[in-house]
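Peer 1: sequence and computational prediction follow.
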Amino acid sequence: MSESNSANQDPAMRETIGALVGRIPSGLYIVTVADGQGRETGMLASWVQQAAFQPLAVTVAIHQKRYLNEWIAATERIALSIVGQSQTDLLKHFGKGFEPDEPAFEGLATSTTPAGLTVLADSLGFLEGRVSGRLDAGDHRVYVVQLTAGGRGSRFGDESPYVHLRKSGRGY
């Protein structure tokens, strides 16, 4: 539905749709990207979903206004650290966001993916891949990421992934 059609929608229906979309469960992840010039950052993300079996791929949605989109365009690489249900400290750390020159992983136990991206050693594990497609979807850009590497973290067998529900699908 276009934005103009959405604006004309009955307010009660908008509220109902927003509440239902907010109840679609998602995991929480730390997305890592680099700019190709030596800088790297991490971002808290919940809009990650498996997209294909062959080859294995996920989608990752990032707000259009985030500088990470420029960095992804430069490198075409994304890594995901899978957040465990007890790792609420990571929500505080990464939820605030980081400026391009601010060290996102300072003070955290990390490891490096085969392509050289930083991931969280204390997570359930990591996935890494190459961007194979993108779609602008309203205020977000959705990336299709073909997975090229992965590794189990220290919490893999002991903890469930963090599952996130929102009150409304109309905002964070």
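Peer 2: Thanks, I have the structure now.
Peer 1: list the beta-bridge partners for residue 84.
Peer 2: For residue 84, the residues forming beta bridges with it (DSSP bridges) are residue 161.
Peer 1: please tell me I have it right and it contacts residue 155.
Peer 2: Yes: in this structure, residue 84 is within contact of residue 155 by CB atoms under 8 Å, at 4.7 Å. All C-beta spots, glycine's among them, are computed from the backbone N, C-alpha and C.
Peer 1: what's the overlap in contacts for those two?
Peer 2: 123, 124 (CB atoms under 8 Å, 6 or more residues apart in numbering).
Peer 1: ok, and what's touching the helix or strand where residue 59 lies?
Peer 2: Take DSSP states H and E as the rule and residue 59 turns out to sit in strand 57-63. Residues from elsewhere that reach strand 57-63, judged by CB under 8 Å, 6+ apart: 31, 43, 45, 47-51, 68-69, 72, 78, 80, 127, 129, 132, 137, 139-147.
Peer 1: now, the residues you listed that are in helices?
Peer 2: Residues of the contacts of strand 57-63 located in helices (DSSP state H): 68, 69, 72.
Peer 1: possible to save these as CSV with pLDDT, distance to residue 15 and neighbour count?
Peer 2: What follows is the ones in helices among the contacts of strand 57-63, written out as CSV (pLDDT from 0 to 100; distance: CB to CB, whole Å; neighbours: other CB atoms under 10 Å):
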residue, pLDDT, distance to residue 15, neighbour count
68, 97, 31, 24
69, 98, 30, 18
72, 98, 34, 23
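Peer 1: how about the strands in this structure?
Peer 2: Taking DSSP state E, the strands of the chain run over residues 26-27, 29-34, 40-45, 48-52, 57-63, 77-82, 110-112, 118-120, 125-137, 140-152, 163-164.
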